[in-house]
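**Q** curious how this folds, go ahead:
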Amino acid sequence: MSILKLENINYSYVDGGMKRQILNNCSFEFEKGKFYTILGPSGSGKTTLLSIISGLDSPESGTFYFDGEDVNKIGLNKYRRNKIAIVFQQFNLISYLTAGENVQLAMTETDNSVPKNQKEVAYALLEKFGIVKSKADRLVSRLSGGEQQRVAIARAIASNVDLIFADEPTGNLDTATEQEIVKIFKMLTEEYGKTVIVVTHSNAVSEFSDLRVKLEGGNLITL
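**A** Next comes the predicted model:
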């Protein structure tokens, strides 16, 4: 069963007086509980596509559906707040908060059902992803890049969403840390039943995914 369905999505921009079609009647269905990677060369439109399906940008035409419902009917703000979470390459954590506080904050910003004992849940989530309590109490700015990305992933699932997007989440990490992060994405699908969609240029990351998809000619093609 699909969790996200794209239907004839179009997007273009003008570059040097020439119109460049980035997405061309792009249609695709992402199934629940799967780990997807979207591949494609720089400039192919991967980040643009992610911006659209995460509700940060709007297509020129076309529609996409979350769990069978038109996202425009859900409302983009409500969709972003309650249906999805995004893991960024630059982590986008709040530097003056601890790791635990960053995760707790995500629970306060959603309308979804979340536990009352949020502090304990934040610690438990972080520990699941390799951030022990002593590190959870540190400012995130004092953690390594790999540790900050783990915090970002814990924050993503703390809001109790079913769909997680990630934009080049291992782009700033070394190979060993990249593999650890990818294993966490696998865990999210296998143990938590989440759908994970990762935009990446890394073949190493894509090899771990359930389905590899390429953005080519403005369309998504299963590899």
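**Q** mind giving me the packing neighbours of the least confident helix or strand in the chain by mean pLDDT?
**A** Every helix and strand of the chain was ranked by mean pLDDT, DSSP states H and E. The lowest is helix 203-206, at a mean of 89. Applying 3 or more C-beta pairs under 8 Å, 6 or more residues apart in numbering; DSSP states H and E, we find helix 203-206 packed against strand 35-39, helix 175-190. (C-beta placed from N, C-alpha, C; glycine too.)
**Q** quick check: buried residues in it?
**A** Neighbour-count burial for helix 203-206 flags Val205, Ser206 (criterion: 16 or more other C-beta atoms under 10 Å).
**Q** contacting residues around it?
**A** By C-beta atoms under 8 Å, 6 or more residues apart in numbering, the surrounding residues in contact with helix 203-206 are Thr37, Leu39, Thr170, Thr175, Glu178, Gln179, Val182, Val198, Thr200, Arg212.
**Q** and that helix, how far from the chain's centre?
**A** 16 Å (C-alpha atoms, centre = their mean, to the nearest Å).
**Q** still on that earlier bit, so which of the helices and strands packed on helix 203-206 is the most surrounded?
**A** Sort the helices and strands packed on helix 203-206 by mean neighbour count, taking mean count of other C-beta atoms under 10 Å, and strand 35-39 sits at the top with a mean of 24.
**Q** list the beta-bridge partners for the residue nearest the centre of the chain.
**A** When C-alpha atoms, centre = their mean is applied to the chain, the residue found nearest the centroid is Phe165 (1.5 Å). Applying DSSP bridges to Phe165 gives these bridge partners: Ile86, Ile197.
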